[in-house]
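1. mind looking at a prediction? Sequence and model below.
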Amino acid sequence: MSAPGRSIPPSSPASKSSPLGTALATIRDRDYLLDRAGVIFKGIGDVHPGTHFLGYVKYYPDARGDRVLFGRTYRQNSVVSKAFGILADRPECYLYSPAVGCVITGVPREDIVTHYSCRQTLAALHQTPALLGQTAVSEDLLTIINWIVAAGAADVIGVTGSFLVGACNARAAPAQPEDPGGCVMTLERGRFVTLDGPSGVGKSTTIQALRDELFNRGIAVRQTLEPTTRDIGRFISAHFSHIRSHALACLVAADRYEHVEHEIEPWLSAGDTVVTDRYLASTLVMQQLDGMPLKFLLDLNAHVLMPDLAVILTAHPSLIAERIAARGPRNRFHHDPTVPGREVDLYDETAQTLMTANVKVLVANTSDATPSEATATIADAIPESPVASAA
Ligand SMILES: Nc1ncnc2c1ncn2[C@@H]1O[C@H](COP(=O)(O)OP(=O)(O)OP(=O)(O)O)[C@@H](O)[C@H]1O
Ligand SMILES: Cc1cn([C@H]2C[C@H](O)[C@@H](COP(=O)(O)O)O2)c(=O)[nH]c1=O
């Protein structure tokens, strides 16, 4: 799968492409880093510890903000110390710096989904000036870039996002709706990938590895799950032990419709690839285990967004039972020793049901593949073009 065409192509053949610039290995002072929570950090310095990239919060999602990025409203933070308040519930973003002698902020490396490189953008614009079009702003920008390159300073000076967005907007405004070339920030819809399978088969483990694999391929990923962390999803998780049958089937469908409307669809529209831990297939299996007829479940979910790729993880039932026993039962299904075998059979049937509905399905067996092997197979199977649409 290639990276969605979100911005300027990378200029250096040696660097791995990412939606907004260079590979992480080349992070430099003042580059921007977008993390999983949607916070944008401004990198500080060119030397970073092994676990984090040092930086402070530059923009953060806030309804009171005055700029929109990938469908979200952002607020600018110009006071370094305020980053501590914005990150109040993110202890993983604080670290002690022996060099500075105090606690500073940074973004954990594994949380980064996008890297915007100011220097690489400068190089790309110098190489392909047409990317900026013909406006007074872009002409000024190109004059400056040419001057920087001629002075041999391209390795230390870059194009900041603010300058680029200014140039981009100046050109985008007069463009006609049918003229897609109005702005360098073109967005292609992301891909929607679902991961389902029996409890303990390895969904969480695989999804973590898949997120890293896609990130390394330069793809911006949103990781999510069902039941969701929204109101209905939290209600399901809190009452799963005693709500079942028709009521539970209706609740999980309601949670899914909210999930699609408020999270999955906006993220896909913003160009992100969305990977969810459990989706429709889990309903077709878990609610059948609860005695619900398949037709009732398909009717309830008739209008949910179908995935571009539905991954069904499977394994030998005895291995699944061993994994569940090793970590201890977490819900009412885990106490029934017949469940892993019935789940495996129902997921096989569900794979067929989804294929009949023209969904691309990948069945991956975690009994004989390591998480990284399973992950590479899944990443390779993600379609080049998005096909997901509401049924
Ligand atoms: N491909 C794999 N090969 C070997 N072991 C694996 C693999 N994937 C996961 N495991 C192991 O299986 C156990 C369960 O994994 P995990 O928690 O990811 O399952 P899960 O499907 O997300 O479970 P649940 O749905 O109940 O949350 C873990 O101990 C994990 O290390
Ligand atoms: C999406 C979905 C979930 N469930 C149930 C199945 C599981 O027992 C829990 C989720 O917990 P886990 O930690 O991911 O194993 O929710 C369901 O019954 N129907 C669904 O559609």
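-> The structure has been received and is ready for your questions. Ligands and ions are numbered 1, 2, ... in the order given.

2. what about residue 150, neighbour count?
-> 10 (other Cβ atoms under 10 Å). In this view, the C-beta of every residue, glycine as well, is placed from N, C-alpha and C.

3. what's the neighbour count on residue 299?
-> 11.

4. before we move on, what SS does it have?
-> Counting by DSSP: H, G, I helix; E, B strand; the rest coil, the backbone at residue 299 sits in helix.

5. and what of the one 4 residues further on?
-> For residue 303, the secondary structure call by three-state DSSP comes out as coil.

6. and it, how many residues sit next to it?
-> Applying other Cβ under 10 Å, I find that residue 303 has 12 neighbouring residues.

7. was I right to think it contacts residue 254?
-> No - checked against Cβ atoms under 8 Å, the pair residue 303 and residue 254 is beyond contact range at 11.9 Å.

8. in this structure, where's the longest helix?
-> helix 339-356 (DSSP state H).

9. quick one: mean pLDDT for it?
-> For helix 339-356, mean pLDDT is 96.

10. where does the protein dip in pLDDT?
-> 1-25, 68-71, 79-83, 131-137, 161-187, 388-391 (pLDDT under 70).

11. rerun that using 80 as the cut-off
-> Flagging of the chain using pLDDT under 80 yields the residue ranges 1-27, 63-73, 78-85, 113-125, 127-141, 154-188, 217-218, 385-391.

12. per-domain residue ranges of it.
-> 1-175, 192-381 (automatic domain parsing).

13. I'd like these written out as a markdown table, with distance to ligand 1 added.
-> Shown next, in a markdown table, are the domains of the chain (distance: least, Cβ to the nearest ligand atom, whole Å):
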| stretch | distance to ligand 1 |
| --- | --- |
| domain 1-175 | 16 |
| domain 192-381 | 2 |
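
14. TSV for the ones you listed, including distance to residue 387?
-> Formatted as TSV, the domains of the chain follow (distance: least, Cβ to Cβ, whole Å):
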stretch	distance to residue 387
domain 1-175	13
domain 192-381	5
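
15. and residue 159, how close does it get to ligand 2?
-> From residue 159 over to ligand 2 the distance is 43 Å, taken as Cβ to the nearest ligand atom, to the nearest Å.

16. show me where this structure has its strands.
-> 32-35, 40-43, 52-61, 67-69, 72-76, 94-97, 102-108, 112-116, 192-196, 221-225, 273-277, 309-314, 361-365 (DSSP state E).

17. contacting residues for residue 106?
-> Residue 106 makes contacts with 41, 48, 49, 52, 53, 54, 55, 93, 95, as judged by Cβ atoms under 8 Å, 6 or more residues apart in numbering.

18. follow-up on the earlier one: tell me which of the strands of the chain sits most buried.
-> Mean neighbours per residue, mean count of other Cβ atoms under 10 Å, is largest over the strands of the chain for strand 192-196, with a mean of 28.

19. that older thread, go through the strands of the chain and name the closest to residue 292.
-> strand 192-196 (16.3 Å; Cβ to Cβ).

20. off-centre distance for the closest one?
-> 12 Å (Cα atoms, centre = their mean, to the nearest Å).

21. do stretch 190-207 as well
-> How far stretch 190-207 lies from its chain's middle: 14 Å, per Cα atoms, centre = their mean.

22. now do that stretch: distance from first to last residue.
-> End-to-end distance of stretch 190-207 (Cα to Cα, to the nearest Å): 17 Å.

23. tell me the helices in the stretch 1-150 of the chain, going along the chain?
-> In the stretch 1-150 of the chain, helices defined by DSSP state H, counting those that start in this stretch lie at 82-86, 118-127, 136-150, listed in chain order.

24. would you turn those helices into TSV with distance to residue 280?
-> Shown next, in TSV, are the helices of the stretch 1-150 of the chain (distance: least, Cβ to Cβ, whole Å):
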stretch	distance to residue 280
helix 82-86	36
helix 118-127	40
helix 136-150	46
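
25. now tabulate those helices in CSV and tack on distance to ligand 2.
-> Putting the helices of the stretch 1-150 of the chain into CSV (distance: least, Cβ to the nearest ligand atom, whole Å) gives the following:
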stretch, distance to ligand 2
helix 82-86, 30
helix 118-127, 39
helix 136-150, 48
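
26. most tightly surrounded among these?
-> helix 118-127 (a mean of 22).

27. mind giving me the packing neighbours of it?
-> helix 136-150 (3 or more Cβ pairs under 8 Å, 6 or more residues apart in numbering; DSSP states H and E).

28. now find how far off-centre the helix it packs on is within its chain.
-> Taking Cα atoms, centre = their mean, one finds helix 136-150 lying 34 Å from the centre of the chain it belongs to.

29. what do you get for stretch 356-367?
-> 21 Å.

30. show me what from the chain comes close to ligand 2.
-> Residues of the chain lying close to ligand 2 by Cβ under 6 Å from any ligand atom are 199, 226, 227, 240, 252, 278, 282, 283, 286, 287, 331, 333.
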